[in-house]
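Chemist: just need the structure, nothing else, for what follows:
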Amino acid sequence: MADARRGDQPADVELSGHGPIAEIRLNRRAISTAMAEQLTTVAAAVDATRARAVVLTSSAPDAFCVGADLKERHTLTDAEFMTQRLVFRRAFTAIREMPVPSVAALHGYALGGGFELALNCDLIVADETAVVGLPEVTVGIVPGGGGTQLLPRRAGYGIAADLILTGRHVPAAEALRLGLVDRLVPAGDARTAATELAERIAANSPVAVANARNALRRGLDVDLPAGLDIEDSAWRATVFSEDRREGVRAFVAKRKPHWR
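Modeler: Next comes the predicted model:
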């Protein structure tokens, strides 16, 4: 459907559509400045696809993504490093703020910024070959793609501190047990399983899914009474929609709903 090619150069990131599902495919193991720029462009283009869910995958045979391209960073001046920082922040923000639910499909290594790309998605599916981690402290930096904030929200402070302060790698089975990923599937099945999960989400009311997702995200950092007010606003925004009317009609008629 679309990609982020530069002249005759192959795209580091590609966007394609499969019915109600959009797929963002990473074609480079490590995130360069150019790849980060492409991520921003492709994530912003998801809205135009009218997809109802997004799957984030990788074409590399042995890794989802191993993080920032440290060979490129080794050549950067301090000023260039700070410029790259802005580019990277825009890329991770663009993934996190895509307008529809997103599912990351992990295989092989998902480390540093690679794991942070997954953490910026709503759900993470990993196959048995996956190894995740935030090893930034082992090379003298800290996670900068949301890891220090998203990981404790997902798995709790203690688990996040363990991973981030040690920089250790976590194999797939332990990652599932710790809540670092949401589903574990056989080797080679991550993309298929993530797509099936996205399709199940996409089959539901787009209005209800969007409002429920908004309530989930906005409620993370407020107390329970404030969170219940957020939920009430989401309920009210949904209950008067045509989707709610169609959902009830379909239930009574014992047929699948036809969402507008």
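Chemist: distance between the ends of stretch 89-106?
Modeler: This stretch, stretch 89-106, spans 21 Å end to end (C-alpha to C-alpha, to the nearest Å).
Chemist: buried ones in it, by neighbour count?
Modeler: The neighbour-count check on stretch 89-106 (16 or more other C-beta atoms under 10 Å) flags 90-92, 94-96, 98, 100-106 as buried. Just so you know, the C-beta spots here come from the backbone N, C-alpha and C atoms, and that holds for glycine as well.
Chemist: same question, stretch 182-192
Modeler: Result for stretch 182-192 [16+ other C-beta under 10 Å]: buried residues Asp182, Arg183, Leu184, Val185, Asp189, Ala190, Arg191.
Chemist: and which of those residues is nearest Leu176?
Modeler: Closest to Leu176 out of the buried residues of stretch 182-192 is Leu184 (4.4 Å), distances taken as C-beta to C-beta.
Chemist: that older thread, in helices, which of the buried residues of stretch 182-192 fall?
Modeler: Among the buried residues of stretch 182-192, the members found in helices (DSSP state H) are Ala190, Arg191.
Chemist: now for Tyr157, how many residues are close by?
Modeler: 10 (other C-beta atoms under 10 Å).
Chemist: tell me the confidence at it?
Modeler: We note a pLDDT of 97 for Tyr157 in this prediction.
Chemist: could you dump the buried residues of stretch 89-106 into CSV with secondary structure, distance to Val42 and pLDDT added?
Modeler: Below are the buried residues of stretch 89-106 laid out as CSV (DSSP: H, G, I helix; E, B strand; the rest coil; distance: C-beta to C-beta, whole Å; pLDDT from 0 to 100):
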residue, secondary structure, distance to Val42, pLDDT
Arg90, helix, 12, 97
Ala91, helix, 10, 97
Phe92, helix, 13, 98
Ala94, helix, 8, 97
Ile95, helix, 9, 97
Arg96, helix, 14, 97
Met98, coil, 10, 96
Val100, coil, 14, 97
Pro101, coil, 17, 98
Ser102, strand, 12, 98
Val103, strand, 16, 98
Ala104, strand, 15, 98
Ala105, strand, 16, 98
Leu106, strand, 19, 98
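Chemist: between these, which is closest to Leu117?
Modeler: Nearest member of these to Leu117, counting by C-beta to C-beta, is Ile95, at 6.0 Å.
Chemist: give the contact list for that closest one.
Modeler: Leu39, Ala43, Leu56, Ser102, Leu117, Asn120, Cys121 (C-beta atoms under 8 Å, 6 or more residues apart in numbering).
Chemist: now, those residues that are in helices?
Modeler: Those of these lying in helices (DSSP H): Leu39, Ala43, Leu117.
Chemist: where does Pro152 land in three-state SS?
Modeler: Look at Pro152: counting by DSSP: H, G, I helix; E, B strand; the rest coil, its state is helix.
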